[in-house]
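> Sequence first, then the predicted structure:
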Amino acid sequence: MCGTVGMFVGCSALSYCPRRLLQAPSADPEAPDGPEGDAAGEDAPAAHAGDGSGAAHAGDGSGAAEDTGPGPYRSPFRSWYERSSVRSAPRRLLDAGDVDGTAPWLFPPDLVPVTRHPLVRDLPGRQFEDVLIQHLYRYLDFTAKLEYLVVNRTVLGIAHGSVGVPVPEEMRLDAYKMYCDEAYHALFSADLAAQVHRVTGTPARLPEEPFFLRRLTGLLAGLPAADRPLAELLFVIVSETLISASLAEVPQRGSVAPAVTGTIRDHAVDEGRHHAYFAHFLQRLWARLGPAERRTAGTLVPSLMDAFLRPDLDALREELAGYDLKRDEVEQIVAEVYTPEVLSEHARATSQQTRRYFRELGAFETGAAQDELAAYGLLD
């Protein structure tokens, strides 16, 4: 794998690899397609198929499908210069008083599933705090690497016009704004992680590569080369429409250190715009796919959702073993907290909106797609 962008140079995603983009700028693939931005404002809900906006439908099987195409683009970035976190939010600073044993937690215990198990709940105070600190490290590491290793590669491709999906000029400019957002999310995640280490003295115990990235790499490697660029585009759409749901909980907790809630709130507000953007981008992508590509997409999406949502239980086992827990106790905790039913219920709840976008495009109508949904516990 390329040590700087996370995907090896010369891969099937070369059309939007940053190194190639620096070498061969492309022409604008599409002029603006009409007046944009006179309908919905900054906080408009995400567009979705089936809302009367001319969602894509299957073609006749020859080349790209014949579609009416998506409706006009209504930019969710209108007040980006005034309201985006990179432009307006202060640097979130962790105070030493936030970790003195009486101040707020560094992560809410009720959002860390293993803390509900009595064997973890009964750990000595400092070890229990370390469980929360490690969970925060995982979140920050996940965020930083998702943004700069995966999402920004695709966002750069949209801005550059090299992903094969023509977009109006306003969408291209919004992709540049999103690129700045995602880079800043990576920065403030790395910054907060460094502050946590400095203030607590507790180092992060993380695998070299986040679980989602290992799983994505494995999924891409198992696909025909021709399907890999589509799979990576779909993964970014999935992640950007799933992540806003996963961010909604933490900022509501008054018992969490302000630097943490502030950082996650900044992230959540930005990701709401990104969700709306990629919900619309999905319609444009779908309109460019032929029937065979749509069938492929429908069978890929469940595994991509699972790659994003499934916890890294092996890394968790290693962490728990570091808290003076016996191996059989570690296995008991993992088995009793992360039951198949719990994992499936969480995946269905978190992915509900994203699955609706794909369902309303007809992505899950084939038996193969239904089988994949069932295999990953995503059938309602």
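Structure received. Numbers count the residues shown, from 1 in each chain.
> who touches the residue nearest to the spatial centre of the chain in this structure?
The residue lying closest to the centre of the chain (CA atoms, centre = their mean) is Ser239, at 2.9 Å. Counting by CB atoms under 8 Å, 6 or more residues apart in numbering, Ser239 touches Leu146, Val150, Val151, Phe308. Every residue, glycine included, has its C-beta placed from N, CA and C.
> Number of residues surrounding the third one?
Applying other CB atoms under 10 Å, we find 25 other residues in the vicinity of Val151.
> Settle this for me: it is touching Glu182, isn't it.
Yes. Val151 is in contact with Glu182 according to CB atoms under 8 Å; the separation is 5.3 Å.
> show me where pLDDT drops low in the chain?
Residue ranges of the chain with pLDDT under 70: 1-69, 97-103, 244-254.
> Show me what secondary structure element comes after the helix or strand hosting Asp328.
Asp328 is part of helix 327-337 when elements are defined by DSSP states H and E. On the C-terminal side of helix 327-337, the closest following helix or strand by DSSP H and E is helix 340-350.
> other SSEs contacting that next one?
Helix 340-350 is packed against helix 228-246, helix 291-309, with contacts defined by 3 or more CB pairs under 8 Å, 6 or more residues apart in numbering; DSSP states H and E.
> in the very next helix or strand once past that helix, what's buried?
Counting by DSSP H and E, the next helix or strand C-terminal to helix 340-350 is helix 352-360. If you call a residue buried by 16 or more other CB atoms under 10 Å, then helix 352-360 has these buried ones: Thr354, Arg355, Tyr357, Phe358, Arg359.
> contact partners of the helix or strand just after helix 352-360?
Going down the chain from helix 352-360, the next helix or strand is helix 367-375, by DSSP H and E. The list of residues contacting helix 367-375 from outside it, by CB under 8 Å, 6+ apart, reads Arg295, Gly298, Thr299, Leu300, Val301, Pro302, Ser303, Arg355, Ala363, Phe364, Leu379.
> from those residues, which would you call buried?
By 16+ other CB under 10 Å, the contacts of helix 367-375 give Arg295, Gly298, Thr299, Leu300, Val301, Pro302, Ser303, Arg355, Ala363, Phe364 as buried.
> these two touch, right, Ile237 and His280?
No. Counting by CB under 8 Å, Ile237 stays clear of His280, with 10.4 Å between them.
> Could you pull out the residues contacting both of these two?
Joint contacts of Ile237 and His280 (CB under 8 Å, 6+ apart) do not exist.
> that older thread, and the contacts of the helix holding Asp328?
So helix 327-337 is contacted by Pro113, Val114, Arg116, His117, Leu119, Val120, Leu313, Leu316, Arg317, Leu320, Ala321, Leu325 (CB under 8 Å, 6+ apart).
> now the angle between helix 340-350 and that helix, please.
With axes from the mean of the first three to the mean of the last three CA atoms, to 10 degrees applied, the angle from helix 327-337 to helix 340-350 works out at 50 degrees.
> Tell me how far helix 327-337 lies from the chain's centre.
Distance, stretch centre to chain centre, for helix 327-337: 28 Å (CA atoms, centre = their mean, to the nearest Å).
> burial of Gly201, as a residue count?
Gly201 has 8 neighbouring residues, counting by other CB under 10 Å.
> Phe128 now?
Residues within reach of Phe128, counting by other CB under 10 Å, total 18.
> and what of Gly222?
11.
> Look up how far Leu216 lies from it.
11 Å (CB to CB, to the nearest Å).
> now swap in Ala96 and tell me
Plainly put, Ala96 is 38 Å away from Leu216 if you go by CB to CB.
> Between the two, point out the one with more neighbours.
The residue with more neighbours, out of Ala96 and Leu216, is Leu216; 24 against 10, by other CB under 10 Å.
> isn't the more buried one right next to Val236, touching?
No. Leu216 lies out of contact with Val236 (CB under 8 Å); the separation is 10.2 Å.
> who touches both of these two?
Shared contacts of Leu216 and Val236 (CB under 8 Å, 6+ apart): Val150.
> could you redo the buried residues of helix 352-360 as TSV and give each row distance to Thr263?
Compiled in TSV, these are given as follows (distance: CB to CB, whole Å):
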residue	distance to Thr263
Thr354	24
Arg355	28
Tyr357	28
Phe358	30
Arg359	33
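> need the strands for the protein, in chain order.
Shown for the chain, no strands are assigned by DSSP state E.
> wait, what's in contact with the nearest residue to Ala159 once chain neighbours are set aside?
Nearest non-adjacent residue to Ala159, counting by CB to CB, 6 or more residues apart in numbering: Ala175, 3.8 Å away. Shown in contact with Ala175 (CB under 8 Å, 6+ apart): Val155, Leu156, Ile158, Ala159, Val167.
> what's near enough to touch Ala363?
Applying CB under 8 Å, 6+ apart to Ala363 gives the contacts Trp286, Arg294, Ala297, Gly298, Val301, Ala369.
> got those as a markdown table, with distance to Arg91 columns?
Shown next, in a markdown table, are the contacts of Ala363 (distance: CB to CB, whole Å):
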| residue | distance to Arg91 |
| --- | --- |
| Trp286 | 40 |
| Arg294 | 44 |
| Ala297 | 40 |
| Gly298 | 43 |
| Val301 | 37 |
| Ala369 | 44 |
